[in-house]
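Chemist: 3D model of this:
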Amino acid sequence: MGHVEVAHLDHALPDGRVLLSDASFRVADGMVAALVGPNGAGKTTLLRLVAGDLDPQSGSVGRSGGLGVMRQFIGNIRDESTVHDLLVSTAPRRVRDAAAGLERAELAMMERDDEPTQLSYAKALADWGDAGGYDAEVLWDACCVAALGTSYDQTRWRDVKTLSGGEQKRLVLEALFRGPDEVLLLDEPDNYLDVPGKLWLEDKLRETPKTVLLVSHDRELLARAARQIVTVESGNVWVHGGGFATYAQARRDRNERLEELRRRWDEEHAKIKALVLMFKQKAKYNSDMASRYQAAQTRLRRFEEAGPPEVPPRDQNLKMRLRGGRTGKRAVICEKFELTGLMRPFDTEVWYGERVAVLGSNGSGKSHFLRLLAGEDVAHTGVARLGARVVPGLFAQTHARPELRGRTPAEILMTEHARLRNEAMSALSRYELQYCGDQPFETLSGGQQARLQILLLEMSGCTLLLLDEPTDNLDLASAEALQEGLEAYEGTVLAVTHDRWFARSFDRFLVFGGDGSVYESAEPVWDETRVERPR
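Modeler: Predicted structure coming up:
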């Protein structure tokens with residue numbers, strides 16, 4: 001089987017900011033460990049160091065067993081790659097190398113059909129078989145049937161971008177859990193999955209004999225599946241050997257211990273400095289004190305060289321001031337509304353001040369519904385209109401904001417919201433974004449991009465928040481700050497979410513059923529087979 005061991009790892013960004021300092025931890029054989037921490041703390045960087053994508057600046061990374069990796073971009077692939085390409089990327093290196101050789105040989109055969117090219121193609125086919133390529137294709141067929149409902153032969157040349165985010169995630173997860181690799185590194189594996197998909201993932205994590213290190217912000221998944229919590233914050237890494245249920249208290253206890261150790265160190269430091277000063281004064285008029293003065297200096301130097309204990313991490317202090325404003329009594333009115341090909345017509349009204357969670361499986365039309373209310377052109381019949389003085393603001397799940405690419409958060413606030421630089425940086429600091437205020441938008445972490453989107457909604461003055469999976473990339477503190485901000489928001493909220501923890505904070509639940517029906521429920525609905533539909 002496999003394990004992961006990180007020892008005394010250091011890593012700093014090109015601008016000098018320290019992400020990891022003397023980081024050490026071990027994930028034992030068969031353990032499911034969750035990597036948590038604030039957005040931008042270095043979780044994805046740490047996974048890339050373990051995966052070998054980056055070389056450590058100092059320290060070491062060791063592991064045993066084959067390594068399978070789900071990278072952060074899975075779920076939002078929009079390039080020209082195919083399902084075959086995606087599955088190959090999850091395979092062991094020998095299969096990946098053989099696939100690349102076979103592709104080169106096939107391209108050469110298309111250009112010329114001479115004897116050397118035919119021999120090269122025959123060798124590439126033999127290499128593909130020797131590397132386990134045909135066995136991999138049998139595995140991929142099972143993965144395609146499980147994730148997409150069709151065989152590998154039917155879907156291998158399909159563009160990945162035509163798959164939903166959830167389908168991309170499920171396909172790669174199927175390949176990794178069914179594959180031969182003993183160690184899995186999963187970066188946000190639950191993003192884009194609907195709740196049945198999350199429940200499937202939780203079951204897989206509980207049942208798998210593989211060693212798993214995953215990054216996730218889903219509080220429900222962490223509580224159900226993680227047996228070890230590895231925390232990255234303020235450059236340090238520490239491990240909680242229990243589950244997520246006891247994590248918050250363990251973190252508080254640890255920070256209290258660190259504060260106590262630091263207080264004692266400061267007291268001892270002050271005592272030794274006072275002793276040095278006393279002997280220095282006495283040595284001026286008593287030569288017998290010179291040796292004691294020198295000994296005290298040596299003691300102070302050694303004490304300072306040993307250094308203080310670890311500084312307790314600073315708690316994030318996010319202040320989301322979502323204001324909103326008064327609108328007409330009815331904020332959203334739907335009459336015989338139907339998204340073409342996705343649902344049956346339905347009627348509903350959303351009143352000013354309500355918090356409505358929009359639930360349902362992937363592909364049922366939830367995101368399209370929000371986009372239409374935001375003013376985008378989405379094919380539909382019937383009526384979906386906004387009430388008086390309702391100004392919509394959309395949070396996009398994929399963070400697809402091409403108008404923000406190449407621009408920094410500070411620049412965006414200064415140009416679009418007429419803020420002076422000091423005002424822009426002050427607003428960014430409320431969202432813990434001041435340290436990345438001069439980074440291009442596309443280089444921010446997923447959570448930092450999400451926080452910036454929420455800040456832009458705050459400044460836009462919108463009175464209807466249309467939130468499409470807003471907590472997907474938010475760290476634990478940010479998700480809680482968003483919930484608090486929504487409670488104080490003077491406006492109406494419609495949120496598409498598969499975050500079960502987040503959904504419980506809403507007033508109403510509008511369910512987009514897999515059979516095309518749209519109905520209200522008194523409680524969140526995650527499994528439609530267990531709920532009695534209204535007639």
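Chemist: going forward, measure contacts between C-alpha atoms and count neighbours the same way
Modeler: OK.
Chemist: quick one: the helices in the stretch 1-150 of the chain?
Modeler: 43-51, 83-89, 93-111, 115-130, 133-148 (DSSP state H, counting those that start in this stretch).
Chemist: now these in a markdown table, with distance to residue 13 and mean neighbour count?
Modeler: Below are the helices of the stretch 1-150 of the chain laid out as a markdown table (distance: least, C-alpha to C-alpha, whole Å; neighbours: other C-alpha atoms under 10 Å):
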| stretch | distance to residue 13 | mean neighbour count |
| --- | --- | --- |
| helix 43-51 | 10 | 20 |
| helix 83-89 | 27 | 20 |
| helix 93-111 | 28 | 16 |
| helix 115-130 | 39 | 16 |
| helix 133-148 | 38 | 18 |
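Chemist: Go through the ones you listed and name the closest to residue 244.
Modeler: helix 43-51 (17.3 Å; C-alpha to C-alpha).
Chemist: before we move on, back to that, as TSV, the helices of the stretch 1-150 of the chain with distance to residue 410 and mean pLDDT would be great.
Modeler: Formatted as TSV, the helices of the stretch 1-150 of the chain follow (distance: least, C-alpha to C-alpha, whole Å; pLDDT from 0 to 100):
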stretch	distance to residue 410	mean pLDDT
helix 43-51	24	92
helix 83-89	36	93
helix 93-111	42	90
helix 115-130	51	90
helix 133-148	42	94
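Chemist: Tell me which of those helices approaches residue 258 most closely.
Modeler: helix 43-51 (22.3 Å).
Chemist: Mind giving me the packing neighbours of that closest one?
Modeler: strand 58-64, strand 183-187 (3 or more C-alpha pairs under 8 Å, 6 or more residues apart in numbering; DSSP states H and E).
Chemist: What angle do helix 133-148 and the next helix or strand after the shortest one make with each other?
Modeler: This points to strand 183-187. Later in the chain than strand 183-187, the nearest helix or strand by DSSP states H and E is helix 195-207. Angle, helix 195-207 to helix 133-148, by axes from the mean of the first three to the mean of the last three C-alpha atoms, to 10 degrees: 130 degrees.
Chemist: okay but residue 205 is in contact with residue 32, surely?
Modeler: Yes: between residue 205 and residue 32 a contact is recorded at 7.0 Å, counting by C-alpha atoms under 8 Å.
Chemist: shared neighbours, these two?
Modeler: Common neighbours of residue 205 and residue 32, using C-alpha atoms under 8 Å, 6 or more residues apart in numbering, are 212, 225.
Chemist: Deepest-packed of the helices and strands packed on helix 43-51, please.
Modeler: Counting by mean count of other C-alpha atoms under 10 Å, strand 183-187 has the highest mean neighbour count of those, with a mean of 24.
Chemist: Now that one - C-alpha only, PDB.
Modeler: Taking Å, rounded to 0.1, in the frame of the first residue of the first chain, the C-alpha atoms of strand 183-187 are listed here in PDB:
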ATOM      1  CA  VAL A 183      -2.100   7.000  -3.000                       C
ATOM      2  CA  LEU A 184      -4.600   9.700  -4.200                       C
ATOM      3  CA  LEU A 185      -4.200  13.400  -4.000                       C
ATOM      4  CA  LEU A 186      -7.600  15.100  -4.600                       C
ATOM      5  CA  ASP A 187      -7.800  18.900  -4.900                       C
END
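Chemist: Parallel or antiparallel, list what pairs with that strand.
Modeler: strand 67-70 (parallel), strand 211-215 (parallel) (DSSP bridges).
Chemist: and these as CSV, adding mean pLDDT and distance to residue 57?
Modeler: Listed next are these as CSV, based on pLDDT from 0 to 100; distance: least, C-alpha to C-alpha, whole Å:
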stretch, mean pLDDT, distance to residue 57
strand 67-70, 94, 22
strand 211-215, 96, 21
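Chemist: out of these, deepest packed?
Modeler: By mean count of other C-alpha under 10 Å, the strands paired with strand 183-187 have strand 211-215 as the most buried, with a mean of 25.
Chemist: just to revisit the earlier point, list just the one of the helices of the stretch 1-150 of the chain that sits closest to residue 361.
Modeler: The nearest among these, by C-alpha to C-alpha, is helix 133-148 at 13.9 Å.
Chemist: Packing partners of the closest one?
Modeler: Using 3+ C-alpha pairs under 8 Å, 6+ apart, helix 133-148 sits against helix 93-111, helix 152-155, helix 165-178.
Chemist: on that earlier part again, output the helices and strands packed on helix 43-51 as JSON lines; include the columns distance to residue 367 and mean pLDDT.
Modeler: Formatted as JSON lines, those follow (distance: least, C-alpha to C-alpha, whole Å; pLDDT from 0 to 100):
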{"stretch": "strand 58-64", "distance to residue 367": "41", "mean pLDDT": "92"}
{"stretch": "strand 183-187", "distance to residue 367": "23", "mean pLDDT": "95"}
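Chemist: Stretch 454-465: end-to-end distance?
Modeler: 10 Å (C-alpha to C-alpha, to the nearest Å).
Chemist: So for that stretch, what gets flagged as buried?
Modeler: Going by neighbour count (16 or more other C-alpha atoms under 10 Å), the buried part of stretch 454-465 is 454-460, 462-465.
Chemist: still on that earlier bit, okay if I get the helices and strands packed on helix 43-51 as TSV plus distance to residue 524?
Modeler: As requested, the helices and strands packed on helix 43-51 are exported to TSV (distance: least, C-alpha to C-alpha, whole Å):
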stretch	distance to residue 524
strand 58-64	41
strand 183-187	27
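Chemist: Of the ones you listed, which is nearest residue 433?
Modeler: Using C-alpha to C-alpha, these put strand 183-187 closest to residue 433, at 21.8 Å.
Chemist: so how far is the closest one off the chain centroid?
Modeler: Chain-centre distance of strand 183-187: 13 Å, with C-alpha atoms, centre = their mean, to the nearest Å.
Chemist: What's the local residue count around the nearest residue to residue 245 once chain neighbours are set aside?
Modeler: The shortest distance from residue 245 to any non-neighbouring residue, by C-alpha to C-alpha, 6 or more residues apart in numbering, is to residue 223 (5.9 Å). Counted with other C-alpha atoms under 10 Å, the neighbours of residue 223 add up to 15.
Chemist: Can you tell me what sits against the host helix or strand of residue 223?
Modeler: Following DSSP H and E, one finds residue 223 within helix 219-225. Helix 219-225 has contacts (C-alpha under 8 Å, 6+ apart) with 32, 34, 198, 202-203, 205-206, 216, 243-245, 476, 499-501.
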